[in-house]
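Colleague: predicted model follows, preceded by the sequence.
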Amino acid sequence: MPILKRLNLDGLGIAASMLCAIHCAVLPLLFTSLPLMGIDIIKNKAFEYGMIGLAFVIGSYALMHGYRRHHHRLIPFPLLGIGFVFLILKEVLPNHQVWMVIPALLFIISAHFYNYWFCQKAKHCHADDCDH
């Protein structure tokens with residue numbers, strides 16, 4: 001059985017969103033001394049956009065898997081998209097980062113939650129081909 005069939009992709013998406021929240025809340029506290037050493041990862045735009053891009057690829061793949069194989073419902077896609085719009089706005093409007101991160105995470109986690117829930121509710125979803 002391929003590893004992607006055994007992975008709970010929505011669980012992975014939710015975990016990635018939670019890690020993003022931890023990254024946004026804790027990283028500045030832990031790495032405040034890095035600029036003293038000449039390392040600036042906290043305000044590094046390339047790093048932030050790279051993480052947003054990676055999260056988008058993983059999240060989109062998880063939703064596509066659920067859509068194609070299980071539920072055929074589009075509801076999770078706009079939720080994910082709106083969440084990523086807020087993540088981009090967080091980078092564009094740095095003075096409003098907290099106000100952009102909170103709805104971003106709520107929308108992204110909601111997209112994965114709905115995808116997972118729809119997969120579980122699909123009538124043709126069996127234990128051997130669902131993401132449990």
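Modeller: Received the coordinates, thanks.

Colleague: could you pull out the helices in this protein for me?
Modeller: The residue ranges that make up the helices of the chain, judged by DSSP state H, are 3-6, 9-30, 45-66, 76-92, 97-121.

Colleague: where in the protein is pLDDT low?
Modeller: Of all residues in the chain, those with pLDDT under 70 make up the ranges 1-7, 26-42, 123-132.

Colleague: quick check, central residue of it?
Modeller: By Cα atoms, centre = their mean, the mean C-alpha position of the chain lies nearest to residue 17, the distance being 4.3 Å.

Colleague: which residues are in contact with the closest residue to residue 103 other than its chain neighbours?
Modeller: Distances taken as Cβ to Cβ, 6 or more residues apart in numbering put residue 86 closest to residue 103, at 5.0 Å, once the chain neighbours are dropped. Any C-beta I mention is one placed from the backbone N, CA and C, and that applies to glycine too. When contacts are counted by Cβ atoms under 8 Å, 6 or more residues apart in numbering, residue 86 touches 100-101, 103-104, 107.
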